[in-house]
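In: This is a predicted model, with the sequence first.
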Amino acid sequence: MIRFIILSIFIFLFLFQPNLHAKLADDFLSPQGDFIPHDPAFKPIRSAFDKFDFDNAIKASKQLIEESQLNAKNAEDASYLLGDIYLYMAERKNPFYFKVSINAYGNARNKYPNSKRALPSLMKIGMIYAKIQLYYEALGSFNRIIKNYPNSVFSVPARIKRGKVYLEWGKFDKAIIEFDLINPALLGREAGAFLLLDYAEAYYQKGDLEEAYNYYGLLSLQNPILQMSQSALYQYGVTAHHSKLYPVAREAFFILHNKYPRGEFSLLSMARIGDSYRLQGKIKRALKSYDHVDSAHRTGPRYLNATLVSAIGRLHLSGCQVHPCAPEYPLETELGRLAYQKIKEISLSLIEKENRAPFTERLVHEAVIALEDYDFYPDSLEISIMLSHLNLRPPFKIKVLKTIDRNAVKSVNLLIQKNKDAKALGIFYHNRKAFTPPILRGKTGVQLGIGFARSGYFAEAIKLLSPIALTSTSLDHEEADFQLTKAYFTQAEYSLAEKRTQLFIKRYPGSKHISLLELLETKILINKGNKNEAIRKYKTWLKRYPKHKKRDEALKDLGDMAFAEGDMKQAVILYQKILSEKNELIPGLQLTIADTFFQMKNYKMAISHYTEAIEEGGTAEQVDWATFQLAQSYEKLGLKGKGVPLYAQLEKDAIESIIKALSAQKKVEIETVALEKTETAQ
């Protein structure tokens, strides 16, 4: 209601009060023109000032102040004039003098509080504080005017300045509250226009573009106050565009492009014109506008800003090359692929530039949203994170941080669906705060659980998936149910594993995962010592799934059980059955077979398989053991001459000390026996 009343007053002001005027704000705070009194006593000050001899001008001013007993009026004027000179110097020579000017005005006010310049100087002090970004002090000065001089001509300007301080400070809600306290009917048309622009700027920076346009829209695009500000014209166009008033937006951008052809918004305005045509379905005109931007062949942030918007527009249009403007497949077209690459490259380049325009961060955020629209979540996340490292204003910073959280969650879901678990888990750990308890209890928690399980982090998988499983009859995801069940097996939580296996078979009777869970269930029997039942189940499983990828593993388990029971022949049959299939060998299988033949005292076969095991490789410990056993096999066959070099090699190079020691002992024994035989023969 209050907002409606304020807008109504503005409408009345601009429609029915054409003769109200207010002085335009000046770029300089210091007095302009002939501001030094014409009294002869001020001639030395004037003379020095006109020659830019500020030191002598200050010296002469201080002399007049010291002669206050001779002429109090001149001393008063000189006191305030000293502040003017320091301010003049600060704005044109050295910013250090801003604080010096504040002190000078303060001294003048303290000494001459009833001077006609006392109140204007207080206003000036507040404005200087605002200029040098000492916002608390600026607000204090304006507060004193509003509180102590409510009926003065400076009361309303002080209120406006308070709002502008909050605006510059990034406290946009407080700025709007201050502006709401101003009665537009007390302002002239020009002052009212400035206030409208301040309102619009506050809402624009706050991110409320619709409300910003409610204020911009009260000004004609031909208004000279509007046209004197490039940023106001640009924001007028952006807010109109956001409100889907594309012809109005285009008019604003055309004015900006033509009035300031070399301004920082010129090319950007042309890109925005392309956007307005694109959203109205005028594809050829849109592409023509984008071509105009891309063919400018300029360098620097201004060009990059415009080409970024152009690339975003082209990404949106890329689907039009597939079939009538279905842009969901941007990477299927050359236009889309080029636009995608340009968006990433330009965004990162703009973030790294130090001389970028204040609005550049918002353009980069537009790029982030465009990438997000087409499911390029990891790219969107990367750029968002880099953007967040910049010195952003609070409302926009919060928006960027929310974008990061949203894209982190979406990236993890997408990457796990694509089996890129390592990258997904990396994003999870680097953006942990984005994954709140409600998110982890939902679809994302399920996806993360799958990713953890597939990556071998079974404890983490159980931690995520088991609470979800307890609160529902199913995880609503076959893969998640499977990974949770497998994790229980891996973590030796066998009772839970068996229970979930039966539940899984019941829920997903046709699942490809059932065979593996049945195999894992059979392995539990070995751990429980129920080997006869395990053997029976293994044989049943092998008949049911003769071509399963885990077939060799099942045969190996059966062979190991036969070996453990002393049935070496059966163990060898099972092991050699694995070799006969010419599948990818189970690591260490050759060594296991060789050990089996060694136990059977079939040393010739043991030698053959130990040799294969050494050639096959494996861990250093496995190779050392195979070499030691090979030497022993040769020794058993009476081929000690072949064994000694192997023992000597192990004595020197073996990893484990026990193998080194045994090899040294064996070598000595063989050499001793050989020496004794030689001596006996002699």
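Out: Nice, thanks for sending it over.

In: Just give the nearest non-adjacent residue to the residue nearest the centre of the chain, would you?
Out: For the chain, residue 385 is the residue whose C-alpha lies nearest the centre (C-alpha atoms, centre = their mean; 2.3 Å). Spatial nearest neighbour of residue 385, excluding adjacent residues (C-beta to C-beta, 6 or more residues apart in numbering): residue 404 at 5.9 Å. (Each C-beta comes from the backbone N, C-alpha and C, glycine too.)

In: looking at it, the one you found is touching residue 433, isn't it?
Out: No. The pair residue 404 and residue 433 does not pass the contact test of C-beta atoms under 8 Å, sitting 9.6 Å apart.

In: more neighbours, those two?
Out: residue 404 (21 against 9; other C-beta atoms under 10 Å).

In: what's the helix or strand for the residue lying closest to residue 267 once chain neighbours are set aside?
Out: Leaving aside its sequence neighbours, residue 267 sits nearest to residue 306 (C-beta to C-beta, 6+ apart; 3.6 Å). Element membership for residue 306, per DSSP states H and E: helix 301-317.

In: packing partners for that helix?
Out: helix 266-279, helix 283-294, helix 334-352, helix 360-373 (3 or more C-beta pairs under 8 Å, 6 or more residues apart in numbering; DSSP states H and E).

In: Flag the shaky bits of the protein, pLDDT-wise.
Out: For the chain, the stretches flagged by pLDDT under 70 are 1-27, 69, 319-329, 470-476, 581-585, 676-682.

In: where exactly do the strands run in it?
Out: Secondary structure of the chain (DSSP state E): no strands present.

In: So the nearest residue to residue 617 once chain neighbours are set aside versus residue 648, what's the distance?
Out: Leaving aside its sequence neighbours, residue 617 sits nearest to residue 623 (C-beta to C-beta, 6+ apart; 6.8 Å). Residue 623 sits 16 Å away from residue 648, taking C-beta to C-beta, to the nearest Å as the criterion.

In: got a list of what residue 402 touches?
Out: Shown in contact with residue 402 (C-beta atoms under 8 Å, 6 or more residues apart in numbering): no residues.

In: Pretty sure residue 604 is one of the things residue 637 touches, is it not?
Out: Yes. Assessed by C-beta under 8 Å, residue 637 is found in contact with residue 604 at 7.2 Å.

In: Looking at the two, which is more packed in?
Out: Each of residue 637 and residue 604 has its neighbours counted (other C-beta under 10 Å); residue 637 has more, 14 against 10.

In: for the more buried one, what are its contacts?
Out: Residues counted as contacts of residue 637 (C-beta under 8 Å, 6+ apart) are 603-604, 607.

In: at 6 Å instead, please
Out: For residue 637, the contact set (C-beta atoms under 6 Å, 6 or more residues apart in numbering) comprises residue 603.

In: check contacts around the nearest residue to residue 49 once chain neighbours are set aside.
Out: Residue nearest to residue 49 in three dimensions, not counting chain neighbours: residue 57, with 4.4 Å by C-beta to C-beta, 6+ apart. Counting by C-beta under 6 Å, 6+ apart, residue 57 touches 45, 48-49, 85.

In: Residue 407 now?
Out: Here residue 407 is in contact with 377, 380-381, 384 (criterion: C-beta under 6 Å, 6+ apart).

In: switch to 8 Å and redo it
Out: 368, 372, 377-378, 380-381, 384.

In: isn't residue 576 right next to residue 594, touching?
Out: No. Using C-beta under 8 Å, residue 576 is not in contact with residue 594; the gap is 11.8 Å.

In: For those two, indicate the residue with more neighbours.
Out: Neighbour count, other C-beta under 10 Å: between residue 576 and residue 594, residue 594 has more, with 27 against 16.
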